[in-house]
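# Got a predicted structure plus its sequence, pasted below:
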Amino acid sequence: MRVAVVVAATLLLAQAAGAEDIEKRAQADPHGEVSIVNVAGEVQVTGWDRNEVQVNAELEEGAQRLEFKTSGARTSIEVVLPKGRTFEGSSDLVVHVPRNSSLVTQTISADQTIKEVRGSQRLQSVSGQIQTEAWNEDVQVKNISGEVNVRGHNGKGTIRLNTVSGDVRLEDVGPELDLTSVTGDMQVRVAELSSARIKTTNGDLELRAASLTREVRVEAEGINGNLRFRFRGAIDAEFDIQTFNGEIDNCFGPKPHRVSEYAPGNALRFKQGNGEGRIRIKALNGTVEICNR
Amino acid sequence: MSEFDKTGRDPLDQALASLPEDVAPERDLWPQIRAEIAKTPIAAPASPVQSNWFRLAAAVLLVLATSFVTYYVTRQSMQEQVAKAPAEAAPAPQLSGQPASFTFGPERLGAGYMNARADLDRRFKERIASLPPATRMKVEKNLADLRHAADEISATLAENPSDPLLQELLMSTYQSELQLLANVSELPTAGSMRTDL
């Protein structure tokens, strides 16, 4: 009896809140593009084996409608809001797409969770969290303050990431990285690293690579953040590390030297193997640590 | 080979000897020359003060020209190095146009940079006003962090003007600042978000 009352009350509350459940589906190109727009709430996207796109939406009161369009190889899903009104509610989207689709998302505060989507991804948010997987295609993420988590499968895709204050965690991602952060901390784990361009202002960076390609290229720069690198396996690279105030810790052997008698800067240049690769690290105040353990 | 007549003299010598020793002009040219000279004012010699100004101006011009050439050559050399080593180059920065050296604030980067920055700043302020308050605070704090970092490097650079690391980091920080302004300016608003991205 008590359970029945609770269920009835929940249904009444949902009705009163004006929530609307919608399901839509359409045939889709197995390698097509799916784009999703949702301001607030949640977006869950999962790749599946069917050649169709399906969306289950829960629109809260305030959202005008769900737009679902297919044109050629492109499917677009958008929670449309009434113009000129402030929308304080949130809408949840659960979307299934063909596994090899490319994905484009745009949210303001909505969190994004993406699984099993193997085409290229361009994901953008302002304050929502973004969690996705990387395969063999490129993944590009832009976020302002939300956290970003990318779990890779040691594929070949490039990860391009630009965040302001959100923390970043990349695991088993592809061999090419282009990462920028202002204050967010970055933790990166790569199986084989071939190129990386990393910039942080105040955030810390930890980059672990199980191996480096023979002609690896790394350019890393920090202002106040600490930069920490763990490179394992055979290394065939030339290191060029400079700091203005920060310390340099090196497990490879050579010790850093003072750049000038009158300035606090440190520099460390050395070669491992034939020095085919190039690793350049620059820092103002942060500590730079490189290690092979 | 010249031919000689019966007298044994060279015919060319004979021809030269036959020429008159002087030829009177057809008209007297001096009155016209004198009139032309009288028409042209004679410049007074420069005073010592004026002469010094000219020397100073020439010296300044020389210094400027030398600086420009040095800057130009340095920049060309850097560009050539970048062009020659594409494999070594990191992905191209989204903003470029850097002078050889500078020691102070962003105004040193020229009017073009300052105009672009002011324009971006204006759009940034318009856009950030519509962000949720918590996000707005974070973005503003991060922008302040970037600007503080730039000021810090700039001040340090003023004490160590020839430090290439500081120059590079300062330029990079200015680029990051512009990048942040641009990223926020380009953010879609709730009403403008479209799926035709």
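It's in. Residues are numbered from 1 along each chain as shown, chains lettered A, B, ... in the order given.
# alpha carbons only for contacts and neighbour counts from here, please
OK.
# Quick one: low-confidence residue ranges for chain B.
By pLDDT under 70, the low-scoring segments of chain B are B:1-104, B:189-197.
# for chain A, what spans make up the helices?
A:2-17 (DSSP state H).
# what does it put close to chain B?
Residues of chain A found near chain B (C-alpha under 8 Å from any C-alpha of the partner chain) are A:35-37, A:39, A:76-78, A:81-84, A:104, A:106, A:108, A:126-127, A:144-145, A:164-165, A:182-183, A:197, A:201-202, A:217, A:219, A:221, A:223, A:242-244, A:278, A:282-284.
# Drop anything exposed from the residues you listed.
Buried members of those, scored by 16 or more other C-alpha atoms under 10 Å in any protein chain shown, are A:35-37, A:39, A:76-78, A:81, A:104, A:106, A:108, A:126-127, A:144-145, A:164-165, A:182-183, A:197, A:201-202, A:217, A:219, A:221, A:223, A:242-244, A:278, A:282-284.
# Just the pLDDT at the nearest residue to residue A:63 once chain neighbours are set aside, thanks.
Excluding the flanking residues, the one nearest residue A:63 by C-alpha to C-alpha, 6 or more residues apart in numbering or on different chains is residue A:81, at 4.8 Å. Per-residue confidence (pLDDT) for residue A:81: 82.
# repeat for the one 4 residues further on
The predicted structure scores residue A:85 at 58 on the pLDDT scale.
# Over to the one 3 residues further on?
pLDDT, residue A:88: 64.
# how deep is residue A:253 tucked in, by neighbour count?
Residues within reach of residue A:253, counting by other C-alpha atoms under 10 Å in any protein chain shown, total 9.
# Distance check, it against residue A:271.
Using C-alpha to C-alpha, to the nearest Å, one gets 11 Å for the distance from residue A:253 to residue A:271.
# Likewise for residue B:130?
Relative to residue A:271, and taking C-alpha to C-alpha, residue B:130 is found at 51 Å.
# Those two: which is more packed in?
Neighbour totals were compared for residue B:130 and residue A:271, and residue A:271 leads with 18 against 11 (other C-alpha under 10 Å).
# Identify the bridge partners of the closest residue to that one other than its chain neighbours.
In this structure, residue A:271 finds its nearest non-sequential neighbour in residue A:238, 4.3 Å apart by C-alpha to C-alpha, 6+ apart. Legend: beta-bridge partners of residue A:238 under DSSP bridges are residue A:271, residue A:278.
# Residue A:238 is in contact with residue A:276, isn't it?
Yes - in this structure, residue A:238 is within contact of residue A:276 by C-alpha atoms under 8 Å, at 6.8 Å.
# who's more crowded, those two?
Neighbours were counted for residue A:238 and for residue A:276 using other C-alpha under 10 Å; residue A:238 has more, 21 against 16.
# among the residues of chain A next to chain B, which are in strands?
A:35-37, A:76-78, A:104, A:106, A:197, A:217, A:219, A:221, A:242-243, A:278, A:282-283 (DSSP state E).
# Using neighbour counts, pick out the buried residues of stretch A:260-268.
Neighbour counts using 16+ other C-alpha under 10 Å place A:265, A:266, A:267, A:268 of stretch A:260-268 among the buried residues.
# of those, closest to residue B:116?
Among the buried residues of stretch A:260-268, residue A:265 lies closest to residue B:116 (C-alpha to C-alpha), at 33.1 Å.
# Model confidence for the nearest residue to the closest one once chain neighbours are set aside, exactly?
Distances taken as C-alpha to C-alpha, 6+ apart place residue A:244 nearest to residue A:265, at 4.0 Å, with adjacent residues excluded. On pLDDT, residue A:244 comes in at 92.
# Identify the residues contacting the residue nearest to residue A:271.
A:269, A:270, A:271, A:272, A:275, A:276, A:277, A:278, A:279 (C-alpha atoms under 8 Å, 6 or more residues apart in numbering or on different chains).
# tell me which of these is nearest to chain B?
Minimum distance to chain B across those is 7.5 Å, recorded for residue A:278 (C-alpha to the nearest C-alpha).
# Would you agree the closest one is in contact with residue A:215?
Yes - counting by C-alpha under 8 Å, residue A:278 touches residue A:215, with 7.2 Å between them.
# anything in contact with each of these two?
What both residue A:278 and residue A:215 touch, as defined by C-alpha under 8 Å, 6+ apart, is the set residue A:237.
# gap between the two ends of stretch A:275-293?
19 Å.
# Could you give me the buried positions within it?
A:275-290, A:292.
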